[in-house]
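# sequence plus predicted model, see below.
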Amino acid sequence: MNPILFIHGIGGTEEQYQPIIKYLRERGINNFYEFNYKNRFGLTPIKTAAEELAEFIKNNVKAESINIVAISQGGIIALAYLKFYNTSDVKVEKLFTICSPHKGSRLAKIFNLRGLIDLRPNSELLKELEIFVKENKINLYSIYTPFDLMVFPGWNARSKYGKHKIIFAPGHAASLSWPAMMRFIHKNLI
């Protein structure tokens, strides 16, 4: 099985995806990479973090293919990496996004930070990424909850393309340890 690269969300750390790692380890999956981008709080554009991701993959990933599990903003960073910076020999087989604002979040309108502007509904970046996913048939799995108040409204975390999984976690943070989310990822990895 391909190694899994984890990417946290805005304001997050590697703690966000530890429940998923634990779940996968209990099922015999143990090959992980963890990417922590420098600016976790939306001060820089998404493309800046995507460029950091490209550098991380180039310098650290020793596999020919990987899968990515990305949380919230991390999913948009992963897509921006695939569109703008994927020049390495490492192929991304599958991309799982958990509560990533594919169609933007109204909450991103509250602050005028460069990274959050990229996450607003109808932002130029999100439009470009949607076209990219469609045209390149990215193997994308978007997981979302309608009760998400970070990606508001919650269905904005459902990508227009790829496979989808609705979960009924009572919010954004609860989604990160929701059993249905972990089962969906595991089932589609193997």
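Received the coordinates, thanks.
# any idea which helix or strand carries Ser142?
strand 140-144 (DSSP states H and E).
# can you pull out the helices in this protein?
Secondary structure of the chain by DSSP state H: the helices cover 18-25, 46-60, 73-80, 114-117, 124-136, 172-175, 179-189.
# could I get these as JSON lines with distance to Asn36 and mean neighbour count?
(Glycine included, C-beta is placed from N, CA and C.) Formatted as JSON lines, those follow (distance: least, Cβ to Cβ, whole Å; neighbours: other Cβ atoms under 10 Å):
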{"stretch": "helix 18-25", "distance to Asn36": "13", "mean neighbour count": "16"}
{"stretch": "helix 46-60", "distance to Asn36": "9", "mean neighbour count": "18"}
{"stretch": "helix 73-80", "distance to Asn36": "10", "mean neighbour count": "28"}
{"stretch": "helix 114-117", "distance to Asn36": "15", "mean neighbour count": "19"}
{"stretch": "helix 124-136", "distance to Asn36": "21", "mean neighbour count": "16"}
{"stretch": "helix 172-175", "distance to Asn36": "18", "mean neighbour count": "20"}
{"stretch": "helix 179-189", "distance to Asn36": "20", "mean neighbour count": "17"}
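# of those, give the one that comes closest to Glu93.
helix 179-189 (9.4 Å; Cβ to Cβ).
# ok, the residue lying closest to Tyr33 once chain neighbours are set aside - contacts?
Spatial nearest neighbour of Tyr33, excluding adjacent residues (Cβ to Cβ, 6 or more residues apart in numbering): Leu5 at 4.4 Å. The contact partners of Leu5, by Cβ atoms under 8 Å, 6 or more residues apart in numbering, come to Phe32, Tyr33, Glu34, Phe35, Ile57, Val61, Ile66, Asn67, Ile68, Val69.
# in strands, which of the residues you listed appear?
Those of the contacts of Leu5 mapping onto strands are Phe32, Tyr33, Glu34, Phe35, Ile66, Asn67, Ile68, Val69, per DSSP state E.
# and the contacts of Leu5, which are buried?
Taking 16 or more other Cβ atoms under 10 Å as the criterion, what is buried in the contacts of Leu5 is Phe32, Tyr33, Glu34, Phe35, Ile57, Val61, Ile66, Asn67, Ile68, Val69.
# how close does the residue nearest the centre of the chain get to Asn59?
The residue lying closest to the centre of the chain (Cα atoms, centre = their mean) is Gly75, at 1.9 Å. Taking Cβ to Cβ, to the nearest Å as the measure, Gly75 falls 22 Å from Asn59.
# I'd like to know which helix or strand in this structure has the lowest mean pLDDT.
Each helix and strand of the chain was given a mean pLDDT (mean pLDDT, DSSP states H and E); the minimum falls on helix 114-117 at a mean of 88.
# which helices and strands does that helix pack with?
Helix 114-117 sits against helix 46-60, with contacts defined as 3 or more Cβ pairs under 8 Å, 6 or more residues apart in numbering; DSSP states H and E.
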